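Colleague: Sequence first, then the predicted structure, then my questions.
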Amino acid sequence: MINAKKFNLLEFLKKNSVPLLFLALGMLGWVASGQPIPMVIKELVDRLSRNLILVLSLIIPITAGMGLNFAMVIGAMAGQFGLIFIKAIGLGGVSGVALAAAFSIPFAILFGIGTGAIMNRAKGKEMITGLILGFFANGLYQMVLLAGIGTVIPLKNPEIVLKAGVGLKNSMDFSLINYVLDRLIPIKVQLGYLVLWIPLVPIILVGLLCWFIVFLQKTKLGQNFRAIGQDKHIAEVAGINVDRTRTIAMVLSTILASFGQIMFIQNIGKLQTYFSHEQVGLFSAAALLIGGATITKATIGNAITGTLLFHLLFIVSPLAGKNLFGDAQIGEYFRSFIAYGVIAVAIVLYAMKKSRAKSQQDSDDMAS
């Protein structure tokens, strides 16, 4: 007879303390905001479809022991190169989105290889390296678009190029692809007085990406990712090319980040040329951690849960701040504080865990 494992409430609360905390914060914020439930659900569905690919792109580097990939912002830049290209030639619709994704892939692969090479020289310090690398790449990105367009790159489209003929405009309208995937196969759902349209195509694409991640984890490459994530030295002794495998993980993450940024702009319908990518790494990492992930372990469930909880706070905090304190900006400050705070706590806990593990190892070595 097989005995069913008893449910341990304390263990459950301990294991899921972070998601439960943010669920409570979200519920309190919703009550304070006074927003109708159907409206909140509508916003959550919209934000889930446009942000989840970006969050999912973090899972593979974490599995490979590289921590939170703050360099994913470079992948977002690759996606924006694809978007700028279709804007320059005026191609919209599904074909435009597909071409933007295809155009971004070579850039994402190149950027991923370069990022992976740098990360392999900074083992153990990948997160801070990725953060600084993102700032450096942002400077190069801005230099190319401000000084390279109209000079080295012969682009003359007056809709996106500055009047002087050099450099791109600060903002670009992407109505040519706005909601093109969301409206391709919508499902109508009636929630009281509110009609909710479920964007089926983005959900299918996210589902395919989730399947790909699960499939990848079952392959030899995925097993190599896990082996390296557990112990790089043992993986190397076992015959795994650690540097090459880590670079592959970074390339895959960069490609997915580029696709995620294209999906994001497709939903938003507007590109802030020099700023849209800047907070991608921060918000995606915060969402993943809020879902219960750690710097060393992340799952698809963490990504979905965290994206829902994080963006629930985004939805309700401005009105909650206005109703409670008379200023919606307080809610904006709160969610920024949450984003930075949850990452800082995760990094501190990770450092403490490594320190305890090292102390235990030293004690064991002395005892033997």
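Modeller: Thanks, I have the structure now. Computed from a prediction, not measured in an experiment: that's the story for all the values here. Residues are numbered from 1 along each chain as shown.
Colleague: Provide a list of residues in contact with residue 296.
Modeller: Residue 296 makes contact with 62, 65, 67, 229, 350, according to Cβ atoms under 8 Å, 6 or more residues apart in numbering. In this view, the C-beta of every residue, glycine as well, is placed from N, C-alpha and C.
Colleague: tell me the pLDDT at the residue nearest to residue 248 when sequence neighbours are not counted?
Modeller: The shortest distance from residue 248 to any non-neighbouring residue, by Cβ to Cβ, 6 or more residues apart in numbering, is to residue 221 (6.9 Å). On pLDDT, residue 221 comes in at 95.
Colleague: I'd say residue 221 and residue 247 touch.
Modeller: No: taking contacts as Cβ atoms under 8 Å, residue 221 lies outside contact range of residue 247: 11.9 Å.
Colleague: Would you mind telling me which of those two has more residues around it?
Modeller: residue 247 (21 against 15; other Cβ atoms under 10 Å).
Colleague: just to confirm, which helix or strand has that one in it?
Modeller: helix 242-268 (DSSP states H and E).
Colleague: Give me the distance from that helix to the chain's centre.
Modeller: How far helix 242-268 lies from its chain's middle: 9 Å, per Cα atoms, centre = their mean, to the nearest Å.
Colleague: buried sites along that helix?
Modeller: By 16 or more other Cβ atoms under 10 Å, the buried positions in helix 242-268 come out as 242-243, 245-267.
Colleague: Check stretch 295-309 too.
Modeller: Those would be 295, 298, 299, 300, 302, 303, 304, 305, 306, 307, 308, 309, for stretch 295-309 by 16+ other Cβ under 10 Å.
Colleague: quick one: average pLDDT of it?
Modeller: 91.
Colleague: coming back round to it: got a markdown table for the contacts of residue 296, with secondary structure and pLDDT too?
Modeller: Shown next, in a markdown table, are the contacts of residue 296 (DSSP: H, G, I helix; E, B strand; the rest coil; pLDDT from 0 to 100):
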| residue | secondary structure | pLDDT |
| --- | --- | --- |
| 62 | helix | 94 |
| 65 | coil | 92 |
| 67 | coil | 90 |
| 229 | helix | 92 |
| 350 | helix | 65 |
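Colleague: Whichever of the residues you listed end up buried, select them in PyMOL.
Modeller: For the buried members of the contacts of residue 296, the matching PyMOL selection, counting by 16+ other Cβ under 10 Å, is:
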select buried, resi 62+65+67+229+350
